[in-house]
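S.K.: Pasting a predicted model and its sequence here:
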Amino acid sequence: MKIHQFQNQNLSHFSYAILEENTKEIVLIDPSRDIDPYLDWAGENKARIKHVIETHPHADFVSSHLEIYQRTGAQIHVSTAFGALFPHHTFDTGNSIHLGEINLLSYNTPGHSPDSICILLRYQGKDHSLFTGDTLFIGDCGRPDLREIAGSHNASREELALEMYHSLRKVILPLQNDVLVYPAHGAGSLCGKSLSSASSSTVGAEKIGNWSLQESLPEEFIKTLLSDQPFMPAYFGYDVDLNQHGAPIMKSSLQKIPYLNRNEEDFGLDKSAIMVDTRKQDVYNSGHYPNSFNIMAGNSFSTWLGSIIKPHEPFYILAGTEKELDPILIHAADIGYDAFLLGFLTIEGLPFEGPHVQNLEELPLDDFILHPEGYTILDVRNPGEVKEKIIFQGSLSIPLFELRDRLQEIPLHKPIVVHCAAGYRSAAASSILRTCLETDHPIYDLGDRIKDFM
């Protein structure tokens with residue numbers, strides 16, 4: 001038997017391939033949108049993908065279960081409560097999948113969502129590992145507040161928190177300490193609040209170190225679980241629905257998106273749609289197109305794209321080079337935003353000049369240091385960060401994920417200085433202000449210089 005863990009760092013997501021080496025058959029658990037890594041691994045092992053299991057309809061990424069079924073004929077297994085609108089097999093408590101010496105058993109574990117399951121792998125008759133989806137993470141458990149309005153089965157956060165309390169105690173605590181724990185996410189995911197950077201653990205280690213498995217009364221557990229959960233990106237509900245329907249083939253979808261005509265004036269853009277400029281902050285600041293948001297490429301790109309651009313809102317993507325473009329498009333597809341992408345462009349080799357190009361003025365740093373009261377200081381960090389430490393007294397706090405909806409709260413009688421904790425979010429925020437306020441009002445980005453004030 002082989003267990004292989006795949007990691008999508010862009011969304012802190014873990015998926016798994018389980019190989020039965022005698023039968024040369026593979027079971028995939030919670031696969032990402034891009035199926036190439038799974039097909040490649042199957043090829044390397046001269047095996048075929050026979051089953052796909054989804055632990056729940058994910059909110060933070062789009063799964064490739066339907067595409068894998070279409071490409072390989074693999075059977076898809078989900079809970080009855082999943083609300084699946086694609087060919088599938090029921091996989092609830094009492095159901096199992098047998099492959100040679102491997103037996104995979106389903107356990108319904110509502111809590112993160114009403115339709116969550118965990119999968120226990122028995123090898124040669126012995127409990128070996130537990131694939132916990134978003135029920136149990138390393139050091140934490142899944143948040144219960146994502147399904148109040150999303151998906152075919154809704155439940156309040158209080159109801160799901162109580163169900164999580166019982167699921168953890170009925171299914172996980174009774175397991176032997178040496179059973180391995182393989183979660184669907186690690187540190188950086190928004191599906192929990194205190195996830196460890198570790199990629200796996202054991203039931204015994206979690207019984208000691210995971211707060212959610214400690215002895216507590218239900219009301220104490222619920223209060224702790226519901227407090228200080230991270231924000232919910234705008235795309236989460238959309239992804240739950242898309243996963244219930246099954247996403248289209250990723251490469252076919254991306255191939256339909258046009259490359260913008262570099263020779264046409266203004267590239268033939270629909271001027272009502274936002275251009276998502278993925279270049280580095282300093283490059284963007286030195287020259288960018290109007291009506292653009294600077295959401296830089298990198299491991300946070302999908303999260304912030306899906307937090308700033310709303311589902312069904314059309315947009316374009318601009319990258320510096322062809323090499324940079326391909327992973328950016330995959331990261332957009334990871335959250336299903338290929339459906340809203342009108343076109344893309346690389347500017348390598350294009351003259352970046354003329355009246356249609358804008359640039360950002362540098363912050364008069366010396367004056368800001370001496371007279372901070374002469375500026376409206378906008379803090380776009382998350383509420384938990386602001387609660388922990390206020391960097392500038394009197395600053396206005398509007399988290400980046402709410403900024404487009406709260407522009408009317410920003411006073412315009414002083415120059416505006418935007419900051420976050422390192423510069424990524426302030427780059428996006430300052431570009432949003434320049435585009436959405438439609439004014440020549442001075443807007444400055446403190447950028448990574450914020451570190452000098454912390």
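M.R.: That came in fine, so what should we check first?
S.K.: Mind listing what's buried along stretch 202-217?
M.R.: By neighbour count on 16 or more other C-beta atoms under 10 Å, the buried set for stretch 202-217 is 202-203, 205-206, 210, 212-213. Heads up, the C-betas are built off the backbone N, CA and C, glycines and all.
S.K.: Model confidence score at Glu353, please.
M.R.: Glu353 is assigned a pLDDT of 57 by the prediction.
S.K.: coming back round to it: adding distance to Leu28 and secondary structure, write the buried residues of stretch 202-217 out as a markdown table.
M.R.: As requested, the buried residues of stretch 202-217 are arranged in a markdown table below (distance: C-beta to C-beta, whole Å; DSSP: H, G, I helix; E, B strand; the rest coil):
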| residue | distance to Leu28 | secondary structure |
| --- | --- | --- |
| Thr202 | 23 | strand |
| Val203 | 23 | helix |
| Ala205 | 26 | helix |
| Glu206 | 24 | helix |
| Asn210 | 26 | coil |
| Ser212 | 27 | helix |
| Leu213 | 27 | helix |
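S.K.: Please name the bridge partners of Gly133.
M.R.: Partner residues in beta bridges with Gly133: Pro183, with DSSP bridges as the criterion.
S.K.: can you tell me which residues contact it?
M.R.: 30, 55-56, 109, 112, 116-119, 142, 183-184 (C-beta atoms under 8 Å, 6 or more residues apart in numbering).
S.K.: any idea how far it lies from Ser79?
M.R.: Taking C-beta to C-beta, to the nearest Å as the criterion, Gly133 is separated from Ser79 by 10 Å.
S.K.: Please identify every residue contacting each of these two.
M.R.: When contacts are counted by C-beta under 8 Å, 6+ apart, Gly133 and Ser79 are jointly contacted by 56, 116-117.
S.K.: With respect to Ile377, which of these is nearest?
M.R.: Proximity of these to Ile377 was ranked by C-beta to C-beta; the top entry is His56 with 41.1 Å.
S.K.: Please enumerate the strands of the stretch 301-450 of the chain.
M.R.: Listed in chain order, the strands of the stretch 301-450 of the chain (DSSP state E, counting those that start in this stretch) span residues 315-319, 341-346, 376-379, 396-397, 416-419, 443-445.
S.K.: The stretch 151-300 of the chain too?
M.R.: Chain-ordered strands for the stretch 151-300 of the chain, with DSSP E, counting those that start in this stretch as the definition, fall at 180-183, 201-202, 274-277, 292-294.
S.K.: For the lowest-mean-pLDDT helix or strand in the chain, list every residue counted as buried.
M.R.: Using mean pLDDT, DSSP states H and E, the weakest-scoring helix or strand in the chain turns out to be helix 281-286, at a mean of 87. Applying a neighbour-count criterion of 16+ other C-beta under 10 Å, the buried positions in helix 281-286 are 281, 284-285.
S.K.: could those go into a markdown table alongside distance to Ile391?
M.R.: Written out in a markdown table, the entries for the buried residues of helix 281-286 read as follows (distance: C-beta to C-beta, whole Å):
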| residue | distance to Ile391 |
| --- | --- |
| Gln281 | 19 |
| Tyr284 | 24 |
| Asn285 | 22 |
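S.K.: all helices of this structure, in order?
M.R.: Here the chain has its helices, by DSSP state H, at 36-44, 65-72, 157-167, 203-209, 218-226, 236-245, 250-255, 281-286, 301-308, 322-334, 365-370, 383-388, 424-436.
S.K.: Turn those into CSV, columns for distance to Ser272.
M.R.: Converted to CSV, the helices of the chain look like this (distance: least, C-beta to C-beta, whole Å):
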stretch, distance to Ser272
helix 36-44, 35
helix 65-72, 32
helix 157-167, 36
helix 203-209, 50
helix 218-226, 39
helix 236-245, 21
helix 250-255, 23
helix 281-286, 21
helix 301-308, 16
helix 322-334, 19
helix 365-370, 35
helix 383-388, 32
helix 424-436, 12
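S.K.: which of the shared contacts of Gly133 and Ser79 lies closest to Leu11?
M.R.: Closest approach to Leu11 among those (C-beta to C-beta): His56, at 15.2 Å.
S.K.: Cool, thanks, signing off.
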